[in-house]
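Visitor: Here's my sequence, what's the structure:
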Amino acid sequence: MKSLTPTPVRSPCVKVCEMDDAVGLCKGCFRTQDERDWWVAYSDEQQREVIRRCEQRREAIRQGGAGLAPNMGPVEPKRRR
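Guide: Modelled structure (predicted):
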């Protein structure tokens, strides 16, 4: 049975909130500062995209740091329905 209440996207935060200045990403979740600041304003789809990019960045850094996914940047705040 399909749930009538959508499941919110969980923040990728792992409570290690420290920016790595060398790559411009949070050392814990691999979000950019913009992505951390704007998380609550992103739509569910945008939040899922941020998580996808964080996973890509984590893997790229593990393999040497080349080819990091770009920043999502700021968005216009929208009410969730």
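Visitor: Next secondary structure after the strand or helix carrying residue 38?
Guide: In this assignment (DSSP states H and E), residue 38 forms part of helix 33-38. Sequence order places helix 44-62 as the next helix or strand after helix 33-38, per DSSP H and E.
Visitor: Please tell me how far the residue lying closest to residue 51 once chain neighbours are set aside sits from residue 31.
Guide: The shortest distance from residue 51 to any non-neighbouring residue, by CB to CB, 6 or more residues apart in numbering, is to residue 12 (5.4 Å). The way it works is simple: take the backbone N, C-alpha and C, and place the C-beta from them, glycine included. Between residue 12 and residue 31 the computed distance is 6 Å (CB to CB, to the nearest Å).
Visitor: Report the contact partners of the residue nearest to residue 51.
Guide: By CB atoms under 8 Å, 6 or more residues apart in numbering, the contact set of residue 12 is 29, 30, 31, 50, 51, 54.
Visitor: Quick check: phi and psi on it?
Guide: Here is the backbone geometry of residue 12 (degrees, to the nearest 10): phi -80, psi 0.
Visitor: Compute the distance between it and residue 29, please.
Guide: Residue 12 is 4 Å from residue 29, by CB to CB.
Visitor: Next: residue 47.
Guide: Taken as CB to CB, the span from residue 47 to residue 29 is 12 Å.
Visitor: cool, and residue 69?
Guide: The value you get for residue 69 to residue 29, if CB to CB is used, is 13 Å.
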